[in-house]
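1. Mind folding the following:
(one chain, ligands or ions: 1)
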Amino acid sequence: MLSKKLDHVTPSYTIEISTKVSELKSQGTDIINLSIGEPDFFTPEQAKNKGLEAIRENRTKYNAAAGLKELRTAICDKLRKENSIYYELDEIVVSSGAKHSITNTLMALLDPGDEVIIPKPFWVSYSEMVKMVGAVPVYIETNKDNDFKLTSNELENAISPKTKLLLINNPSNPTGAIYTEAELRSIVNVALNNDIYILADEIYEKIRYTDKFTSIAALSDEAKEITITINGLSKSAAMTGWRVGYSASSKKIAKAISTIQGHLVSHPSTISQWTAYGALTLCQDDMAKMVDIYTERRDRAVSLLSKIDGISFINPKGAFYVFLDISSFKDKFNYKGSYSVEFCKRFLENYNVAIVPGIAFGIDDYVRIVYCADINDVEKGIIRLEEFIKSL
Ligand SMILES: Cc1ncc(COP(=O)(O)O)c(C=O)c1O
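-> Take a look at the predicted model:
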């Protein structure tokens, strides 16, 4: 009855967990939720005021499919000032969240049977989005000793005549790793030599604990030509519910994305776009303050986690996640199917803490916890994790 495209598409593990958490909460259970990648901050006041102003001034009509001109101009300015990439207005398309920008891009580039390379661990939705447009995800095993960052050799080995696109998430959800400029250059060279596009998901770009960040499209004109840069306001400006993301790409790809978007949804809500405009043009300090707080939380989380025997992790340099290796407890569990799902289920049921199984990111020996939640919850959650592990 349903489209065959959905045959191998699985519902999002993270959304499934948050549904279970809401269910337990509605039954009166006090749950610590360290599963969802959503900032606990509110949208900055000046951004909200821009949205309210737009409502009051009746700026509520249909507008350009690619997004408000004012917002696209602000995005061009941001990319030029912060990332040293020179995009023009008609190379930017604003969509309903980075998720939507990614799906639009996949629809614009891929035909059924095209292969898309996805390094593991990957953000949960990549694989399913690729399948939904009829293309084929090809996963690459990366090395923990290299902080799970893709190398040019690994990429070279995964390329086939059907490869069309590489997905790179930098900084990474779930590991928090950040690629160096040299690492990105060698990856881009392989992509250029093999005629493949790169989708650079840089949604966590502003949330980082190091000074240096390189956007792939900033590497060279050739790199820019094959790269579709994805970014948005959900994480950096705590604007998850407003649904504003964007893509920056060559004119040809941007036009295709805008055409697709025009037919499917016209454009994202104009009110949300005005709020995003406010965030980009007026709220740099608010965003920087959030990062300062994430830094403190990261340091606290890392310090508590490093005291737990039997787990290991990469010290996150960006985003707000820690990806924990829990492989040493595997023989203590009876499970059918996924070990990490069983681990998270028992932890949630017995210790009332929600975290995400590594299988959702393609690696079953891991779990992911977030520190974009209240610091007291982060501390309590990690202490309970230690108790759980000791009880095994
Ligand atoms: C790597 C990555 N890309 C994209 C998104 C989606 O962002 P948005 O809320 O803007 O759609 C997320 C959200 O969790 C993410 O982790």
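
2. Please make it C-alpha for all contacts and neighbour counts, starting now.
-> Will do.

3. Compute the number of surrounding residues for Val130.
-> 25 (other Cα atoms under 10 Å).

4. need the residues of the stretch 1-150 of the chain near the ligand, please.
-> Gly37, Gly97, Ala98, Lys99, Trp123 (Cα under 6 Å from any ligand atom).

5. For the second one, list the residues it contacts.
-> Contacts for Gly97 were tallied using Cα atoms under 8 Å, 6 or more residues apart in numbering; they are Gly232, Leu233, Ser234, Thr240, Trp242, Arg243, Val244, Gly245, Tyr246.

6. One more: the third one?
-> With contacts defined as Cα under 8 Å, 6+ apart, the neighbours of Ala98 are Ile203, Ile230, Asn231, Gly232, Arg243, Val244, Gly245, Tyr246, Ser247.

7. leaving aside the residues next to it on the chain, what's closest to Phe41?
-> Ala238 (6.0 Å; Cα to Cα, 6 or more residues apart in numbering).

8. what does Ser186 give?
-> The nearest residue in space to Ser186 (Cα to Cα, 6+ apart) is Ser152, at 5.7 Å.

9. do you know how far that neighbour is from Ile359?
-> 25 Å (Cα to Cα, to the nearest Å).

10. what do you get for Ile85?
-> For Ile85 relative to Ile359 (Cα to Cα), the value is 35 Å.

11. residues in contact with stretch 308-317?
-> Counting by Cα under 8 Å, 6+ apart, 147, 171, 175-178, 208-210, 298, 302, 306, 322-329, 386 sit against stretch 308-317.

12. Any of these buried? List them.
-> Burial by neighbour count, judged by 16 or more other Cα atoms under 10 Å, picks out 147, 171, 175-178, 208-209, 298, 302, 322-327, 386 from the contacts of stretch 308-317.

13. Which ones among the residues you listed map onto strands?
-> Val322, Phe323, Leu324, Asp325 (DSSP state E).

14. For the ligand, tell me which of those show up nearby.
-> Within those, nothing lies near the ligand by Cα under 6 Å from any ligand atom.

15. returning to that earlier point: most surrounded residue in the contacts of Gly97?
-> Gly232 (29 neighbours).

16. If that residue is in a bridge, with which residues?
-> Gly245 (DSSP bridges).

17. Enumerate every residue touching it.
-> Gly97, Ala98, Ile203, Val244, Gly245, Tyr246.

18. if I read this right, Gly318 contacts Ile203, doesn't it?
-> No: applying Cα atoms under 8 Å as the test, Gly318 and Ile203 come out as separate, 10.7 Å apart.

19. Between Ser152 and Ile359, which is the more surrounded one?
-> Neighbour count, other Cα under 10 Å: between Ser152 and Ile359, Ile359 has more, with 20 against 17.

20. Make sure that one is indeed in a helix.
-> Yes: residue state for Ile359 (DSSP: H, G, I helix; E, B strand; the rest coil) corresponds to a helix.

21. what sits against the residue lying closest to it once chain neighbours are set aside?
-> Excluding its sequence neighbours, the residue lying closest to Ile359 (Cα to Cα, 6+ apart) is Ser340, at 6.4 Å. Residues counted as contacts of Ser340 (Cα under 8 Å, 6+ apart) are Pro357, Gly358, Ile359, Asp364, Asp365, Tyr366, Val367.

22. And those residues, which is closest to the ligand?
-> Gly358 (14.0 Å; Cα to the nearest ligand atom).

23. My read is that the closest one contacts Ile369, right?
-> No: counting by Cα under 8 Å, Gly358 stays clear of Ile369, with 10.0 Å between them.

24. Just the helices from the stretch 51-200 of the chain, written as ranges.
-> 69-83, 98-109, 124-132, 152-158, 181-193 (DSSP state H, counting those that start in this stretch).

25. Go through the ones you listed and name the closest to Phe347.
-> helix 124-132 (20.7 Å; Cα to Cα).

26. would Gln46 count as being in a strand?
-> No: Gln46: not assigned to a strand; according to three-state DSSP it is helix.

27. quick one on the thing from earlier: could you work out the most separated pair of the residues of the stretch 1-150 of the chain next to the ligand?
-> Most distant of those, by Cα to Cα, are Gly97 and Trp123, 14.9 Å apart.

28. follow-up on the earlier one: list the buried residues of the helix or strand containing the residue nearest to Ile359.
-> Per DSSP states H and E, Ser340 falls inside helix 339-351. Buried residues in helix 339-351, counting neighbours by 16+ other Cα under 10 Å, are found at Tyr339, Ser340, Val341, Glu342, Phe343, Cys344, Lys345, Arg346, Phe347, Leu348, Tyr351.

29. Tell me which two in these are the farthest apart.
-> Farthest pair in the buried residues of helix 339-351, by Cα to Cα: Tyr339 and Tyr351, 17.6 Å.

30. if we can go back for a sec, between Gly358 and Ile369, who's got more neighbours?
-> Higher neighbour count among Gly358 and Ile369: Gly358, with 28 against 25, using other Cα under 10 Å.

31. How confident was the prediction at the residue nearest to Ile359?
-> Reading off the confidence values, Ser340 has pLDDT 93.

32. and the stretch 201-350 of the chain, which of its residues are near the ligand?
-> Residues of the stretch 201-350 of the chain lying near the ligand (Cα under 6 Å from any ligand atom): Ile203, Gly232, Ser234, Thr240, Gly245.

33. Let's see that with 8 Å instead.
-> 201-204, 231-235, 240-241, 243-245 (Cα under 8 Å from any ligand atom).

34. Name the next helix or strand downstream of the helix holding Ser340, please.
-> Next along from helix 339-351, by DSSP H and E: strand 353-354.

35. ok, back up a step: any chance of the contacts of Ala98 in TSV with pLDDT as columns?
-> Formatted as TSV, the contacts of Ala98 follow (pLDDT from 0 to 100):
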residue	pLDDT
Ile203	98
Ile230	98
Asn231	98
Gly232	98
Arg243	98
Val244	98
Gly245	98
Tyr246	98
Ser247	98
